[in-house]
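**Q** quick one, what's the 3D model for this:
(one chain, ligands or ions: 1)
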Amino acid sequence: MKQELKKIQEEFKKQLKEVADFAGLSDLEQKFFSRKNGEFTSIMKGLKELTDDVKKEMGQMANDVKKDLEGLFEDKRLQIQQKEMADIVERESIDVTQPLLPKKAKGHLHPITQAQDKMEEIASNMGFVIEDGPELESDYYVFGALNFPDDHPARESMDTFYISDNTDWCMRAHVSNMQVRLMRKYNEDGTKAVRAAYPGKVFRNEALDATHEHTFHQFEAFVVDRNINIGNLVAVIKELLRGLYGREVDVRLRPGYFPFVEPGFEMDMKCLFCRGEGCRVCKHLGWVEMLGCGLMHPNVLREGGYDPQEWSGLAFGMGLTRLAMMRYSIEDIRHFMSGDLRFLQQF
Ligand code: DAH
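**A** Sure thing, here's the model as predicted:
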C-alpha cells in the first residue's frame, strides 16, 4: 500500500507538471480525487480493510500525501490563474497612441421634418390642434368644398395629378383639403370654434426646375370663431413667424386670389438677411413672398357646417419646403427628395 501511495504521488506530480490550463487541472482533480473512482480516493477506501495499527500508520501517511498533493495542486492553480490574467491584460491593454475609431454614422431628421416639427411646436403652443390628412383625396375636398367652380382655371393652375381619367380622386395639390374635413370633425353641431394646423405633403404636375418639384410640403392653419378680422389674421401669422425665426418680423399684404378666402392676400415678410435693403436671398426686393392667406369664404364656412352670418374664419398656407430652403439657403428644391447623403448630412 505504501508503494501504491508513492506511485500515485509520483504519477500525480508528473501529470501536474504537464497541466497548462484550468481544464487540464480539473481533469487531473477528477482523475485522482473523484469521490467515485479517483485513484487516491480508492486507496483511502482500502484503508478500511486494514487492522487498526496499520490503519493508523497508513492513514497518517495517506493524509501527508494528500496534503502534499493538495499543496502542489493549489500552487499550480495560482500559477495558471496568474498566467491567464496576464494574457487578458496583454490582450486588452489600452494603446493610448491608437487613433480614435470613426464614429458610427447616425441618422437624423430630414431638414423638412425639422422645419415641420418646429412649426408644429409653435402652433400647438398657440392653441392649434395639429392634424394629419390623406394625400390621396377626393376632388371634392381639394377643390369643390373650397369654392372652386367646376370649370375654374384655378383648378388647372394647380396642375393636379388625377388617379386616372374621369375620376374624382387625385393626389392633393394643397393641404387646404383639410379645411372642410377639420371643420366637420371639430364642429359636429355648428357651435364650436376651431383652431387647427396641418402640415403635409402635396403633389403637382410641375415642370421641374430649381424651384419646382412634383412633391413638396406645405403648412396650413385656420381659425374659425366669431368676429375674426384681418388684424387677427396678421397677428396670428406674425406670431408664428416670430416663433420660427426667433425675432420680430415685418409683413405686408398684397391682394391675392384664392377661391376659398375673401378677401384673399399674399403675404410678404421683410427680408431677415438684409432687413429690407435688398440681397441675394430676397432677389434684391427687400421682401420675401411667404404665404397665401385670407378670411374664409362664406361658402367654405357653410360647407364646414357653420352659419357664416355668425361665424368667421382666417386661413393661411405656406410652403414648408420653401421655409426650409430659406432657412438653410438651399438653392435647388430638388436636393430635398434626392436622397443624396452629401446633401442631407449637412443638416
Ligand atoms: N392652398 C394655397 C396654395 O397651395 C395656399 C393658401 C392660400 C392657403 C390662401 C390658405 C389660404 O389657407 O388662405 O397655393
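
**Q** give me every residue in the stretch 51-200 of the chain lying close to the ligand.
**A** Applying C-beta under 6 Å from any ligand atom, we find that the stretch 51-200 of the chain lies next to the ligand at 174, 176. Using the backbone N, CA and C atoms, a C-beta is placed for each residue, glycine as well.

**Q** now do the helices in the stretch 51-200 of the chain.
**A** Assigned by DSSP state H, counting those that start in this stretch, the stretch 51-200 of the chain shows helices spanning 52-92, 111-125, 139-142, 153-157, 178-186.

**Q** could those go into JSON lines alongside mean pLDDT?
**A** Shown next, in JSON lines, are the helices of the stretch 51-200 of the chain (pLDDT from 0 to 100):
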{"stretch": "helix 52-92", "mean pLDDT": "85"}
{"stretch": "helix 111-125", "mean pLDDT": "95"}
{"stretch": "helix 139-142", "mean pLDDT": "96"}
{"stretch": "helix 153-157", "mean pLDDT": "71"}
{"stretch": "helix 178-186", "mean pLDDT": "97"}
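
**Q** residue 219: which of those is closest?
**A** helix 111-125 (5.1 Å; C-beta to C-beta).

**Q** distance between the closest one and the chain's centre?
**A** Relative to the chain's own centre, helix 111-125 is displaced by 14 Å; criterion: C-alpha atoms, centre = their mean, to the nearest Å.

**Q** for stretch 203-213, same thing?
**A** That offset, for stretch 203-213, works out to 28 Å (C-alpha atoms, centre = their mean).

**Q** now do stretch 254-270
**A** Put simply, stretch 254-270 sits 36 Å off its chain's centre (C-alpha atoms, centre = their mean).

**Q** that one close to the ligand?
**A** Yes. Against the ligand, stretch 254-270 shows contacts by C-beta under 6 Å from any ligand atom at 258, 261.

**Q** contacts for that stretch?
**A** Stretch 254-270 is contacted from outside by 146-149, 152, 154, 176, 179, 230, 234, 237, 241, 249-253, 276, 286-298, 300, 315-316, using C-beta atoms under 8 Å, 6 or more residues apart in numbering.

**Q** just the ones of those residues in strands?
**A** 251-253, 287-296, 315-316 (DSSP state E).

**Q** of all those residues, which comes closest to the ligand?
**A** When the ones in strands among the contacts of stretch 254-270 are compared for distance to the ligand (C-beta to the nearest ligand atom), residue 292 wins out at 2.5 Å.

**Q** so that closest one makes contact with residue 317?
**A** Yes. If you go by C-beta atoms under 8 Å, residue 292 and residue 317 touch, sitting 5.5 Å apart.

**Q** care to break the protein down by domain?
**A** Following automatic domain parsing, the chain resolves into domains at 2-92, 111-344.

**Q** and the closest residue to residue 323 other than its chain neighbours, how many neighbours?
**A** Closest residue to residue 323 apart from its sequence neighbours, by C-beta to C-beta, 6 or more residues apart in numbering: residue 115 at 5.3 Å. Residue 115 has 25 neighbours, counted by other C-beta atoms under 10 Å.

**Q** can we start the residue count at 119 from this point?
**A** Sure, I'll start numbering at 119, so the last one becomes residue 233.

**Q** dump the residue contacts of residue 233.
**A** Neighbours of residue 233 in contact, by C-beta under 8 Å, 6+ apart: 438, 441-442, 445.

**Q** stretch 347-361 vs the ligand: in contact?
**A** No. In terms of C-beta under 6 Å from any ligand atom, no part of stretch 347-361 sits within range of the ligand; the closest distance is 8.8 Å.

**Q** and the residue of the stretch 219-368 of the chain found nearest the ligand, its phi and psi?
**A** Nearest residue of the stretch 219-368 of the chain to the ligand: residue 292, at 3.4 Å (C-beta to the nearest ligand atom). The phi/psi pair for residue 292 (degrees, to the nearest 10) reads phi -150, psi 160.

**Q** all set, thanks.
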